[in-house]
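Participant: what shape does this take:
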Amino acid sequence: MATSRTARPTTLALATAVAALTATALPFQALAAPNGSRAALPAVTARSETPALHDDEAGGDADADDPAIWRNAADPDRSLVIATAKQGGLRVYDLNAREVQSVPAPAAPGPDHAPGRFNNVDLVHGLRLSSGRADLAVTSDRGGDRLRFHRIDANRAGGPLTDVTDPSAPPVFSSSQEEIDEQRTAYGLATWTDKSTGRSYALVSRRERTSVAQLEIIPGADGKVGYRKIRTIDLPADFRLPNGTSWSPCGEPGELPQVEGMVVDPANGMLYAGQEDVGIWRMRADLTGTPKLVDKVREYGVPGTYDEETEECVAGADPGFGGTRLTADVEGLTLLTEADGDGHLLASSQGDDTFAAYDRELSDGNEYEGGFRVTAASAALDGSEECDGAAALAAPLGRKYPNGLLVVQDGHDAPGDAERPSTNFKFVDLGEVKEAIED
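Facilitator: The predicted structure follows:
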């Protein structure tokens, strides 16, 4: 059991300092694909896809969102993909994209309160529990403003996941059930183990806010797992543009530009966080120091006015301060890590159905190195559109994926159910992705 060290949670007031950085040039030169066009990017195709998940109030929400890939070291052919289905809970798939387990989200704490709603998922490997070392699936429960932990055991009868969440785990951001019900709660998620201390952490963003919190993951009694907050930072909500004006992304009244897609590079302890309507930030995973904006969405700096009647933003003239590779929203971030330590940061450019790849080297400022699209393999196996989440694992996964695997969410699975939106996950050979980036 971990020692119960106490630390006062702190909030770092970074907005002013970070906003000043955005008035200067980005740390690398813009390198657009030929003509900056979506069509110019190479295409890859999926080898398989999961069954469609639907968003249907009558049948219960089961909207696909974010995946994680667990490698079975003892038998790589039996590796798993663990994915969130929002109110549908967690779904577990084998490498043939067949469902092997469905775990429901927690029930509402009362008739007037929100039920659990799983948003993002990541993994922690080899955490020392009172019952022995274990790999865990860590999930942000947006409905309950908590983290949920599931132990992974490929040989367990009934399915590989077992809930080991400490029942006393506190809300991440909220101070009361009433505040939880407002649903400005735990949203994006990335995990990280500090090599120097062996301690594991979760970085969690807040829905409709710019906050990111660092939580230490703490094993408790009886094999349960909890957490404590270490510190929180707030990314900017408005930005000083090169022409001297101030800009904030357009959104519904009261909403701030939120962060969702996040990933930590274990080689250097850097967190990459996608602020959906702004761009990709790089910062220390312990949330100290000053974040840097390493790329911006094309819409950065474009003025917008929210129309209450249509519930949409009406864009003004583009002043030309945005990036050239990402179209809002910037979503699922993941790492393609090579055996020699090289590799890429991959980001979903949700607005134009593409993916961007950046160098992981800090010395060259995460230089853009290419991009790709996931397109239809056949009439029955389509590509990925409006991708919310992605996960890559550059390790041999048995006979099916000896080059590694990329899993991407598809926001418009086709052919779909005409009565209900259809979403699912596509499985892509990582070797094909590498070739596309290097093309």
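
Participant: could you pull out the strands for the stretch 101-250 of the chain?
Facilitator: Secondary structure of the stretch 101-250 of the chain (DSSP state E, counting those that start in this stretch): strands at 118-129, 132-141, 146-152, 161-163, 186-193, 200-206, 211-219, 225-234, 239-240, 246-247.

Participant: in the fourth one, what counts as buried?
Facilitator: Residues 161, 163 are the ones in strand 161-163 that count as buried (16 or more other C-beta atoms under 10 Å). From N, CA and C alone the C-beta is placed, and that goes for glycine too.

Participant: residue 286 and residue 214 touch, don't they?
Facilitator: Yes - at 6.4 Å, residue 286 and residue 214 qualify as touching, with contact defined as C-beta atoms under 8 Å.

Participant: which of these two has more neighbours?
Facilitator: residue 214 (23 against 15; other C-beta atoms under 10 Å).

Participant: just the helices in this structure please.
Facilitator: 15-21, 177-181, 430-438 (DSSP state H).

Participant: for the stretch 301-439 of the chain, which segments count as strands?
Facilitator: Under DSSP E, counting those that start in this stretch, the stretch 301-439 of the chain gives strands at 304-307, 312-315, 330-337, 343-349, 354-359, 368-375, 390-393, 405-410, 422-429.

Participant: relative to residue 43, which of those is closest?
Facilitator: If you check each of these against residue 43 by C-beta to C-beta, strand 368-375 wins as the nearest, at 4.3 Å.

Participant: not counting the closest one itself, show me its contacts.
Facilitator: 28, 30-31, 33, 38, 41-46, 295, 325, 344, 349, 353-359, 383-384, 387, 408, 410, 426, 428, 433, 436-439 (C-beta atoms under 8 Å, 6 or more residues apart in numbering).

Participant: would you mind writing the PyMOL command to select the buried ones in those?
Facilitator: The PyMOL command for the buried members of the contacts of strand 368-375 (criterion: 16+ other C-beta under 10 Å) is given here:
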select buried, resi 33+41+42+44+45+46+295+325+344+349+353+354+355+356+357+358+359+383+384+387+408+410+426+428+433+436+437
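
Participant: quick revisit: using TSV, lay out the strands of the stretch 101-250 of the chain together with distance to residue 83.
Facilitator: As requested, the strands of the stretch 101-250 of the chain are exported to TSV (distance: least, C-beta to C-beta, whole Å):
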stretch	distance to residue 83
strand 118-129	7
strand 132-141	10
strand 146-152	12
strand 161-163	11
strand 186-193	13
strand 200-206	18
strand 211-219	21
strand 225-234	20
strand 239-240	34
strand 246-247	35
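
Participant: got the ones you listed as JSON lines, with distance to residue 303 and mean pLDDT columns?
Facilitator: Formatted as JSON lines, the strands of the stretch 101-250 of the chain follow (distance: least, C-beta to C-beta, whole Å; pLDDT from 0 to 100):
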{"stretch": "strand 118-129", "distance to residue 303": "30", "mean pLDDT": "96"}
{"stretch": "strand 132-141", "distance to residue 303": "32", "mean pLDDT": "96"}
{"stretch": "strand 146-152", "distance to residue 303": "37", "mean pLDDT": "98"}
{"stretch": "strand 161-163", "distance to residue 303": "46", "mean pLDDT": "97"}
{"stretch": "strand 186-193", "distance to residue 303": "26", "mean pLDDT": "98"}
{"stretch": "strand 200-206", "distance to residue 303": "25", "mean pLDDT": "98"}
{"stretch": "strand 211-219", "distance to residue 303": "25", "mean pLDDT": "98"}
{"stretch": "strand 225-234", "distance to residue 303": "23", "mean pLDDT": "98"}
{"stretch": "strand 239-240", "distance to residue 303": "12", "mean pLDDT": "98"}
{"stretch": "strand 246-247", "distance to residue 303": "7", "mean pLDDT": "98"}
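
Participant: out of those, which gets nearest to residue 261?
Facilitator: strand 186-193 (6.2 Å).

Participant: ok, the closest one: who's next to it in the sheet?
Facilitator: strand 200-206 (antiparallel) (DSSP bridges).

Participant: orientation of the strand it pairs with relative to strand 132-141 in degrees?
Facilitator: 0 degrees (axes from the mean of the first three to the mean of the last three C-alpha atoms, to 10 degrees).

Participant: distance from the chain centre to strand 200-206, please.
Facilitator: 11 Å (C-alpha atoms, centre = their mean, to the nearest Å).

Participant: picking up where we left off before, by mean pLDDT, show me the worst of the helices of the chain.
Facilitator: Least confident of the helices of the chain, judged by mean pLDDT, is helix 15-21 with a mean of 43.

Participant: closest to residue 320 out of the strands of the stretch 101-250 of the chain?
Facilitator: So among the strands of the stretch 101-250 of the chain, strand 246-247 is nearest, using C-beta to C-beta, at 12.5 Å.

Participant: residue 77 reaches residue 402, doesn't it?
Facilitator: No - applying C-beta under 8 Å as the test, residue 77 and residue 402 come out as separate, 10.5 Å apart.

Participant: identify the contacts common to residue 286 and residue 214.
Facilitator: What both residue 286 and residue 214 touch, as defined by C-beta under 8 Å, 6+ apart, is the set 201, 230-231.

Participant: out of those residues, who's nearest residue 107?
Facilitator: Nearest to residue 107 among the shared contacts of residue 286 and residue 214, with distances taken as C-beta to C-beta, is residue 201, at 28.3 Å.

Participant: mind listing what that closest one touches?
Facilitator: 191-194, 214-217, 230, 285-286.

Participant: hmm, try it at 6 Å
Facilitator: 192, 214, 216 (C-beta atoms under 6 Å, 6 or more residues apart in numbering).

Participant: quick check: bridge partners of it?
Facilitator: With DSSP bridges as the rule, residue 201 is bridged to residue 192, residue 216.

Participant: can you check residue 284 too?
Facilitator: In beta-bridge terms (that is, DSSP bridges), residue 284 pairs with residue 270.

Participant: any idea how far it is from residue 342?
Facilitator: Residue 284 sits 21 Å away from residue 342, going by C-beta to C-beta, to the nearest Å.

Participant: which of the two has more neighbours?
Facilitator: Using other C-beta under 10 Å, the more surrounded residue of residue 284 and residue 342 is residue 284, with 15 against 12.

Participant: now the more buried one: how far from residue 415?
Facilitator: 45 Å.
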